[in-house]
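Colleague: Just to be clear, the model below is a prediction. Sequence and coordinates:
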Amino acid sequence: MAILVDNETRLVVQGITGREGKFHTGRMLESGTNVVAGVTPGKGGQEYEGIPIFNTMEEAVKETGANASVIFVPAALCADAIFEALDFDISTVCCITEGVPVHDMMKVTNHMRIKDATLIGPNCPGVLSPGKANVSIMPDSIFTPGNVGVVSRSGTLTYQIVNELTQRGLGQTTAVGIGGDPIIGTDFIEILKQFEEDPETECAVMLGEIGGNAEQNAAEYVQSEMTKPVVAYIAGFTAPEGKTMGHAGAIVSGGESTAEAKSEALRRAGIRAATNPSEVAELVAEALNESS
Amino acid sequence: MAILVDNETRLVVQGITGREGKFHTGRMLESGTNVVAGVTPGKGGQEYEGIPIFNTMEEAVKETGANASVIFVPAALCADAIFEALDFDISTVCCITEGVPVHDMMKVTNHMRIKDATLIGPNCPGVLSPGKANVSIMPDSIFTPGNVGVVSRSGTLTYQIVNELTQRGLGQTTAVGIGGDPIIGTDFIEILKQFEEDPETECAVMLGEIGGNAEQNAAEYVQSEMTKPVVAYIAGFTAPEGKTMGHAGAIVSGGESTAEAKSEALRRAGIRAATNPSEVAELVAEALNESS
Amino acid sequence: MDLYEYQGKELLRQFGIETLEGTVAESPEEAKKAAEQFGGTVAVKAQVLTGGRGKAGGIKVVQEPADAEEAARQILGMDIKGHEVRQVLVEAGAAIASEMYLSITVDRAEKKPLILFSTEGGVDIEEVAENKPEALVKIYVDPLLGLLPYEVRELTFGAGLEGDVAKGVGKTLQNLYTAFTESDASLVEINPLVATEDGRVLALDAKVTVDNSSLFRHQNIAELHDVEAADPEEQRALEAGLQYVKLDGDVGILGNGAGLVMSTLDVVANAGGEPANFCDVGGGADAEKISEALDIVTSNKQVKSVLFNIFGGITRGDEVARGLLSALERSEITLPIVVRLDGTNAEEGRQILSENTPENVYTEETMLEAAERAVELAHNGRG
Amino acid sequence: MDLYEYQGKELLRQFGIETLEGTVAESPEEAKKAAEQFGGTVAVKAQVLTGGRGKAGGIKVVQEPADAEEAARQILGMDIKGHEVRQVLVEAGAAIASEMYLSITVDRAEKKPLILFSTEGGVDIEEVAENKPEALVKIYVDPLLGLLPYEVRELTFGAGLEGDVAKGVGKTLQNLYTAFTESDASLVEINPLVATEDGRVLALDAKVTVDNSSLFRHQNIAELHDVEAADPEEQRALEAGLQYVKLDGDVGILGNGAGLVMSTLDVVANAGGEPANFCDVGGGADAEKISEALDIVTSNKQVKSVLFNIFGGITRGDEVARGLLSALERSEITLPIVVRLDGTNAEEGRQILSENTPENVYTEETMLEAAERAVELAHNGRG
């Protein structure tokens, strides 16, 4: 088992003929992902790495039965690409692109309330279920199948921690990069909920950062609803107020959005909150030992 | 039992201080309806017939626990009034006003997909459950409690038929006037579904007219999903093509939208379709006899 | 409210849609002058608020200004499905490469704008839908999101368009959607939408219907209402706030409520009669309104008898009876009038009527009886 | 991107929001001229992209033009939280009856625009929220519907406004919402929004932040970016496509990925060091970008050591090592640089570095070790 993407995933790459689209399609194929289609308006009828390219999502879904998509189109076109994916009943949409306008994302996320689908991102590394499907730009090589679910607002920090988990022999069910923007399709809570429901996941790792209060909301959820242990780490203790730290959403703008406040809230909710990234794997091992 | 409105109904009148609002509030009170509040912006703090008036729906709901609303505000302001009612969790909204712009209604009805509420109308007589609640402009005196559910696109035609039912001793659970506009909040199907689920309703009467194909859609639903007998009558056999017959939505614009096509479709679906209004009560009596 | 072709095109141009140059002419001389101004081939097109003018000979394509004058002479004054042609649109010619169809309507079941497009233009779209459904592209738009770029691509790719034509159709669609929403239209139709040989995309015809309920926020469009073209009875009813539709028969019909009046027409037809009109006087028992309605219905010289069908709901039967009597006192109608009163206080109402009625007024208890009586009286009247 | 008060007001005026008359002055003489032009009381206000200018003495209200000149002389050149004042806004006076607060922000959890209003204006809204929550009206707007009339009433009635002030605030709110969406703002704040004694409602201050990701569709706003006011290092990083934030410490920090760099800062702080900056070089191992980033980080004279933290994911460790070496060859940095390489092909990368590194480059295997080493080297450098 895994969440969001697995052996049943039939992936369409939106923006498959761009530089990023091509590069990562190659890598997703190498990871054994079932990439069934690409979409680039005007390039319908062509192929890339043997994958048929379509002009529209409608055709792609109709011809290939695609059920998941990953988006590499330019930021200005992402909202349109997401709406298109949602309209043809793609159930998991990962938008990798960075720099999508916030107002576009407010429209998209509010529209999603009438859709039975999950949007991951934008500005995210995507979703990877080791040995099953790689719908992401994450390096497959550092992953290994196992029973730890990882959900994170950042990319390389996730690699860092997954790598340490793997080196310690702690494999993963699925790693989900939910993205570093202020408005994202899916917050921590929704993913933690799926990990809670996934029979194979035995421990969840949550990697947060400064900005907003998604971690606090997740803490409340964990405390009241989750039975599985959660290990967390929040980045950005040294971030000054009012400065955007790389991610558009990583900005301290009030007491609640600091790393201290978040770590504090997590601990109050009974979550093991690491003080530095290298503690995470250790705390996971500890949690798994205790619960087994 | 009844549908949509009953003894639990706590009604707020939106536009209570207008001419129509005042008049019908009086009548609804006379029918024993639990009118708990009125809303007219700028008249908050006043009273009408002992009912407190509020400036906003938020206050009205907070102060009185209202759960249903009836709207008498001018057509240009109806969409806003409906949005306001929906936003404060009113579960049944009846918009009586005629002449609401079609584009406004498209926005309203599409927004309703994220709301767990029922909008009846606009351009409708409302909903009346005899002996329980009158959230309508219908004359309470012609109704009597019983086991026939009535759903209709028009007003006086409904009175005509309810009167005949009552005279024949066939009481009603609830009568719902869904309205005569092209875009309405609730179509026949949703109401028929509620009658099917309502334990007290034993037979449903559907009063349609020319324009659109809501009756055909309802026929399909009745055939595949309903166990209770349905009696129908469609008005407008003599209506010429392209002419609006009083109701904005009553216009023949293609073969499907004629009274013949609709009656034909109803009969194919096993529905007793009357050829004139006075047959309806007879067919209801027949249907109830057979099913008992 | 329907717009004339030339008005519809003016509206579309305001939203950036290209059309051919054209001038409205009310006389053959004006048509000639317009043709001279454009030079070369021109089309002379009847301006009427009905379809089928092509088949009726209401469109002529000519080469010379003198021929345009002659064409206008033939078309002006023509009767097309009961509509008198009082204006023609003289339009410059174009080298047409292909004809397409594009429209946006309000879909009642989906409660959304519906875009229809076909590469088969200039023909009846219902025929295309029936005979060649694969040539028809249908797109439902979410009114809260508006038309999205991918939906435009759905249409252009779905129809197999390419190059300039794809771009031109895409741009036209975006502009048409804006025109549709900004004007509160219930229909905008371009048939044919043409691609010219030099790659432009133009609206060769335009049919625009604006939602009557929205005219309060479109004063400029409301002002386009052509009082002269309207049927005089319908125009008078409109001004009196009555719902009125003229029909061909001889039984005048009035009642309260659209559904009840529609079914009254049906019952009259069932009884072997032919309704002369649909007239909904609405709620209340306002004597003035009833008398105005009676005047309008009986101003139709074909009418031989009148059926007044009232179901007393909120308005009680006795009040209605008094309103009716007061209306009858004011009017000088001698035609037989059958009154059917039912509902709240119906008996009291009938009592009032039976005591005070003029000779030409008959009362009945049921719709069927009333219809039969009215039909019989109309037949007698034909005598 | 933050706008200056005068730019924000210019934007709000374009959307119909009233402000006082004002002129930007870059010298005391210009300020005097402006004050003469307006006559009477004027305010001289420092234009800086930070809050708290009032407390810092950056706003002076004066009666005479000569006093305006003197006020401008004092304010121009002032340092407010590290921002040099290079312009003042000289603004006409008004008879103020009451001060209010109005803002629209993007609410991250609800994913909707959030309107905040309070009749307590001119003060910190977070304090109002804490101390007097009943004075605060909060409204979430559905971005697909836009601001609805009833929501405006929620605000005006909710705050107990009446008469002209209620109307003026309602109109201001509608205009502000349009400004917010049309400009792709992430914040529009008017504090105080004032009612004048003659019943007008005016924006006395304006704080506008536009979403950087949307600047591609707001060329006019993007052009307002004040290159001169920006920190030179941050400006250079911006132009090089690097994510860079200047801090106060002496350990320069670079890495790939925002989350990883943020946590590197934290680990350095844990090890007793003080980060000098945040610098995310992004993915890839582009030697040119790395060398530019190193130059920017070390151009800060406070920096005593550099920590370069790379997790090889897509980019393999050996490639990163080669890119880094090539970057180091180009630069003339003599400061100690600690390189930590982990992830894909990390060992190969470390091998390459150990064979070819200049003397001032140290390699470490883990973040913790690398941070400790960098901190130690910085301490030594302080000598």
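Modeller: Sure, I can see it.
Colleague: make it CA atoms for all contacts and neighbour counts henceforth
Modeller: Fine.
Colleague: Neighbours of C:Asn131, how many?
Modeller: By other CA atoms under 10 Å in any protein chain shown, the residues close to C:Asn131 number 10.
Colleague: Please read the previous query as pertaining to C:Gly160.
Modeller: Residues near C:Gly160, counting by other CA under 10 Å: 11.
Colleague: And for A:Gly254?
Modeller: The number of residues packed around A:Gly254, counting by other CA under 10 Å, is 12.
Colleague: Same question for C:Gln14.
Modeller: That count, for C:Gln14 with other CA under 10 Å as the rule, works out to 12.
Colleague: And it, its phi and psi?
Modeller: C:Gln14 adopts backbone torsions of phi -60, psi -20, taken as degrees, to the nearest 10.
Colleague: How about the residues of chain C by chain A?
Modeller: Near chain A, the residues belonging to chain C are C:Leu145, C:Leu148, C:Pro149, C:Tyr150, C:Glu151, C:Arg153, C:Glu154, C:Phe157 when assessed by CA under 8 Å from any CA of the partner chain.
Colleague: which stretches of the stretch 1-150 of chain C form strands?
Modeller: C:22-25, C:42-46, C:59-62, C:79-80, C:83-84, C:88-92, C:96-107, C:112-118, C:136-140 (DSSP state E, counting those that start in this stretch).
Colleague: who wins for proximity to chain B among those?
Modeller: Closest approach to chain B among the strands of the stretch 1-150 of chain C is made by strand C:112-118 (6.1 Å; CA to the nearest CA).
Colleague: returning to what we had before: need the strands of the stretch 1-150 of chain C in JSON lines with mean pLDDT, distance to chain D and mean neighbour count, can you?
Modeller: As requested, those are exported to JSON lines (pLDDT from 0 to 100; distance: least, CA to the nearest CA, whole Å; neighbours: other CA atoms under 10 Å in any protein chain shown):
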{"stretch": "strand C:22-25", "mean pLDDT": "96", "distance to chain D": "37", "mean neighbour count": "20"}
{"stretch": "strand C:42-46", "mean pLDDT": "96", "distance to chain D": "42", "mean neighbour count": "27"}
{"stretch": "strand C:59-62", "mean pLDDT": "95", "distance to chain D": "45", "mean neighbour count": "19"}
{"stretch": "strand C:79-80", "mean pLDDT": "92", "distance to chain D": "44", "mean neighbour count": "18"}
{"stretch": "strand C:83-84", "mean pLDDT": "90", "distance to chain D": "42", "mean neighbour count": "16"}
{"stretch": "strand C:88-92", "mean pLDDT": "96", "distance to chain D": "39", "mean neighbour count": "26"}
{"stretch": "strand C:96-107", "mean pLDDT": "96", "distance to chain D": "19", "mean neighbour count": "20"}
{"stretch": "strand C:112-118", "mean pLDDT": "97", "distance to chain D": "15", "mean neighbour count": "24"}
{"stretch": "strand C:136-140", "mean pLDDT": "95", "distance to chain D": "17", "mean neighbour count": "18"}
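Colleague: quick one on the thing from earlier: can you say which of the residues of chain C next to chain A are buried?
Modeller: For the residues of chain C next to chain A, a neighbour count by 16 or more other CA atoms under 10 Å in any protein chain shown gives the buried set as C:Leu148, C:Pro149, C:Tyr150, C:Glu151, C:Arg153, C:Glu154, C:Phe157.
Colleague: In this structure C:Tyr362 contacts C:Val339, no?
Modeller: Yes: C:Tyr362 is within contact range of C:Val339, at 5.9 Å (criterion: CA atoms under 8 Å).
Colleague: Same drill for the two, tell me which one is more crowded.
Modeller: Legend: neighbour count by other CA under 10 Å for C:Tyr362 and C:Val339, higher for C:Val339 (28 against 18).
Colleague: And that one, how close does it get to chain D?
Modeller: Taking CA to the nearest CA, to the nearest Å as the measure, C:Val339 falls 46 Å from chain D.
Colleague: quick one: contacts for that residue?
Modeller: With contacts defined as CA atoms under 8 Å, 6 or more residues apart in numbering or on different chains, C:Val339 is in contact with C:Leu307, C:Phe308, C:Asn309, C:Ile310, C:Val361, C:Tyr362, C:Thr363, C:Glu364, C:Ala370.
Colleague: Return the backbone torsion pair for the nearest residue to the fifth one once chain neighbours are set aside.
Modeller: The one in question is C:Val361. Of all residues not flanking C:Val361 in the chain, C:Ile337 sits nearest, at 4.8 Å (CA to CA, 6 or more residues apart in numbering or on different chains). With angles defined as degrees, to the nearest 10, C:Ile337 sits at phi -120, psi 120.
Colleague: what does the one 10 residues further on give?
Modeller: Geometry field for C:Glu347 lists phi and psi as phi -60, psi -50, criterion degrees, to the nearest 10.
Colleague: The one 3 residues further on now?
Modeller: Taking degrees, to the nearest 10, you get phi -60, psi -40 for the backbone angles of C:Arg350.
Colleague: What helix or strand is the residue in the stretch 151-300 of chain C that chain A sits nearest to located in?
Modeller: Closest contact between the stretch 151-300 of chain C and chain A, by CA to the nearest CA, is at C:Glu154 (6.5 Å). Secondary structure assigned from DSSP states H and E places C:Glu154 in helix C:149-158.
Colleague: Give me the contact list for stretch C:165-179.
Modeller: C:11-12, C:15-18, C:102, C:104, C:147, C:152-153, C:155-157, C:185, C:188, C:195, C:199-201.
Colleague: between the strands of the stretch 1-150 of chain C, which one is nearest to C:Glu292?
Modeller: Closest to C:Glu292 of the strands of the stretch 1-150 of chain C is strand C:83-84 (CA to CA; 25.7 Å).
Colleague: Can you list the strands that the closest one pairs with?
Modeller: With DSSP bridges as the test, strand C:83-84 is paired with strand C:79-80 (antiparallel).
Colleague: Please state the offset of stretch A:163-175 from the chain centre?
Modeller: 16 Å (CA atoms, centre = their mean, to the nearest Å).
Colleague: Helices along the stretch 151-292 of chain A, start to end?
Modeller: Ranges of helices within the stretch 151-292 of chain A are A:156-167, A:188-197, A:214-225, A:259-268, A:279-291, based on DSSP state H, counting those that start in this stretch.
Colleague: Check the burial of the residue of the stretch 151-292 of chain A found nearest chain C by counting its neighbours.
Modeller: As assessed by CA to the nearest CA, chain C sits closest to A:Gly185 within the stretch 151-292 of chain A, at 17.2 Å. Using other CA under 10 Å, A:Gly185 has 23 neighbouring residues.
Colleague: Against C:Asn300, how distant is the closest residue to it other than its chain neighbours?
Modeller: Leaving aside its sequence neighbours, A:Gly185 sits nearest to A:Leu119 (CA to CA, 6+ apart; 4.8 Å). Look at A:Leu119 and C:Asn300: by CA to CA, to the nearest Å, they are 64 Å apart.
Colleague: A:Leu77 too?
Modeller: Applying CA to CA, the value for A:Leu77 to C:Asn300 is 61 Å.
Colleague: Take the buried ones among the residues of chain C next to chain A and lay them out in a markdown table including pLDDT and distance to chain D.
Modeller: Shown next, in a markdown table, are those (pLDDT from 0 to 100; distance: CA to the nearest CA, whole Å):
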| residue | pLDDT | distance to chain D |
| --- | --- | --- |
| C:Leu148 | 98 | 13 |
| C:Pro149 | 98 | 16 |
| C:Tyr150 | 98 | 18 |
| C:Glu151 | 98 | 18 |
| C:Arg153 | 97 | 22 |
| C:Glu154 | 95 | 23 |
| C:Phe157 | 96 | 27 |
